[in-house]
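# fold the following, please.
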Amino acid sequence: MQKKIIALAVAGLLSGAAFAQTNVTISGVLDVGLNNAKGTFTGSGFSASNNAGYNNTATSNIAFRAQEDLGGGMKAGMFLESDIRGGATALLGSFQKYVYINGGWGELSFGQRTNFATTTATTAQPFGTAMGGGYSTAFGRLQGFGYGATGALTASGATATLSGNRDVRADGSIRYDSPNMQGFTAGLSYKPKNVGESVVANNTETTPATGHLNLGLNYANGPMKVSYAYVKIDNTNLGRAAVAANPATGLTAITAADGYNGSTKHNLLGANYAFGPATVYAGYTTSKADTTGATAGNEFDSRSWNLGLKYAVAGNIDLLANYLKDNDKTSNNYDRKLIGLGMDYGFSKRTVAYLRYEAADANTNAATGKVTTYSAGLRHAF
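As a prediction, the model looks like this:
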């Protein structure tokens, strides 16, 4: 439940009329649990670990929305969503930050907001972006390149194990969302491509030349929801895998020989249907790199599908399940699969206790591994 408050912090700067029209909405969620992970994961070297997990069932955040009524059915405002887990990621606006104006014609926004691919991925299974869903940083269902939680470009290469990619949010985007037309909505998001040379610092690209296009189509009416997303990420001389493999070369700039030019394209389709106490889910994705000068480690071509189920045992108890399989169609053959199981017990609409089990397996190649994670915790939203 959201709590709406008057913008007292800026009351001294607003006139009486503006004060009456402008309000700020504060909302958020904190998810904390105890996790136990066991297995083998190339590069991490762990066999077992116990730690606090902050995003097992939902993304822990605090968000502020300021909105003004412009009259004539139009409104304008801003949305600022931040990570509250602490550490380097706990920056103001680290998740979403954008300004918008809307009306009967739809909504236009500028900044960094959740992409349509994430909407589709969460339509396809009951776990959202969290544990068990196959859209987390530990097991992103997309191959190739994608945008991570903080708007930075992420990549999985030939040495990738369980790590795939997500298309969460791209900073510096312009986006249009259509009005709801009898359950149908559509949207388009565009991030202009950077220009200039990509510079390498400590074997990491600081300014990769990338552009981003995201199309979303959704239908939600009655018991059925269907969602489709198309993603195109344009890359120029994106050669972080080659540079990281040769840290002694002293390279200070990316060249075509170090990486590749081209684009990565993702297609995602998700749907769910509710009948009685049960909701069934299904999803399908494709990821492919259209490149020139690509090395074996930078070529991607994969297909993934999943089936999921959510069942209400009682008014406050939900059982969840998801099975996902990713077929790597390149010669690397990094096929992966994931099983997610969960139970939620709702003390109220805002407070939920949960159990989670996730088994991620990429053990089809000597360079890959598998990890099994158990979690128990509590989530509170406001």
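# give the contact list for Thr154.
145-148, 165-166 (CB atoms under 8 Å, 6 or more residues apart in numbering). Every residue, glycine included, has its C-beta placed from N, CA and C.
# residues near the closest residue to it other than its chain neighbours, how many?
Spatial nearest neighbour of Thr154, chain neighbours left out: Gly148 (4.4 Å); criterion: CB to CB, 6 or more residues apart in numbering. Gly148 has 17 neighbours, counted by other CB atoms under 10 Å.
# next one: Asn180
Asn180: 12 surrounding residues under other CB under 10 Å.
# about what we covered before: residues contacting the residue nearest to Thr154?
137, 154, 165-166, 168.
# quick one on the thing from earlier: looking at the contacts of Thr154, which is nearest Ala321?
Arg166 (21.2 Å; CB to CB).
# and that closest one, what does it touch?
Contacts of Arg166 by CB under 8 Å, 6+ apart are 117-118, 121, 129, 135-137, 140, 142, 146-149, 154.
# so what's the residue positioned nearest the centre of the chain up against?
Ranked by distance to the mean C-alpha position of the chain (CA atoms, centre = their mean), the top residue is Val168 at 3.3 Å. Contacts here follow CB under 8 Å, 6+ apart; on that basis Val168 touches 114-115, 117-118, 129, 146-149, 151.
# among these, who's most crowded?
Neighbour max across these (other CB under 10 Å) = Ala117, 31 neighbours.
# that one sits in which helix or strand?
Applying DSSP states H and E as the criterion places Ala117 in helix 116-123.
# kindly export the longest strand along the chain (C-alpha atoms) in CSV.
Secondary structure of the chain per DSSP state E: the longest strand is strand 22-40. Extracted in CSV, the C-alpha atoms of strand 22-40 (Å, rounded to 0.1, in the frame of the first residue of the first chain):
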residue,chain,number,x,y,z
THR,A,22,1.6,18.9,-6.3
ASN,A,23,2.1,15.8,-4.2
VAL,A,24,4.8,13.2,-3.6
THR,A,25,4.1,9.5,-3.3
ILE,A,26,6.6,7.3,-1.4
SER,A,27,6.6,3.5,-1.8
GLY,A,28,9.0,0.7,-1.4
VAL,A,29,9.8,-2.8,-0.4
LEU,A,30,12.5,-4.6,1.7
ASP,A,31,13.1,-8.3,1.2
VAL,A,32,15.7,-10.0,3.5
GLY,A,33,16.3,-13.7,3.9
LEU,A,34,19.0,-16.2,4.7
ASN,A,35,20.5,-18.0,1.7
ASN,A,36,22.5,-21.2,1.5
ALA,A,37,24.2,-21.9,-1.9
LYS,A,38,26.0,-25.1,-2.8
GLY,A,39,27.8,-26.1,-6.0
THR,A,40,30.5,-25.2,-8.5
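# from the contacts of Val168, which is closest to Asn180?
Of the contacts of Val168, the one sitting nearest to Asn180 (CB to CB) turns out to be Thr114, at 17.9 Å.
# for burial, what's the neighbour tally of the closest residue in space to the closest one that isn't next to it in sequence?
Nearest residue to Thr114 in three dimensions, chain neighbours excluded: Arg169, at 5.2 Å (CB to CB, 6+ apart). Arg169 has 27 neighbours, counted by other CB under 10 Å.
# got a pLDDT number for Arg169?
As predicted, Arg169 sits at a pLDDT of 89.
# hang on, Ala229 packs against Thr122?
No. Between Ala229 and Thr122 there is no contact under CB atoms under 8 Å: 10.8 Å.
# the more surrounded of the two?
Ala229 (26 against 21).
# which ones are touching that one?
The contact partners of Ala229, by CB under 8 Å, 6+ apart, come to 115-117, 119-120, 167, 214-217, 266-268.
# out of those residues, who's the most crowded?
Counting neighbours by other CB under 10 Å, Ala117 leads the contacts of Ala229 with 31 neighbours.
# so how far is Leu217 from that one?
Note on Ala117: its distance to Leu217, by CB to CB, to the nearest Å, is 12 Å.
# look up which residues are beta-bridged to the closest residue in space to Gly72 that isn't next to it in sequence.
Leaving out its chain neighbours, the residue that sits closest to Gly72 by CB to CB, 6+ apart is Gly103, at 7.4 Å. Beta-bridge partners for Gly103, by DSSP bridges, are Gly106.
# Gly103: neighbouring residues, count only.
14.
# likewise for Asn50?
Using other CB under 10 Å: Asn50 sits among 10 other residues.
# so it sits against Leu34, correct?
Yes. Counting by CB under 8 Å, Asn50 touches Leu34, with 7.0 Å between them.
# report the distance from stretch 120-131 to the chain centre.
Stretch 120-131 has its C-alpha centroid displaced from the chain centroid by 10 Å (CA atoms, centre = their mean, to the nearest Å).
# typo on my end, it should be stretch 132-144
Per CA atoms, centre = their mean, the centroid offset for stretch 132-144 relative to its chain is 9 Å.
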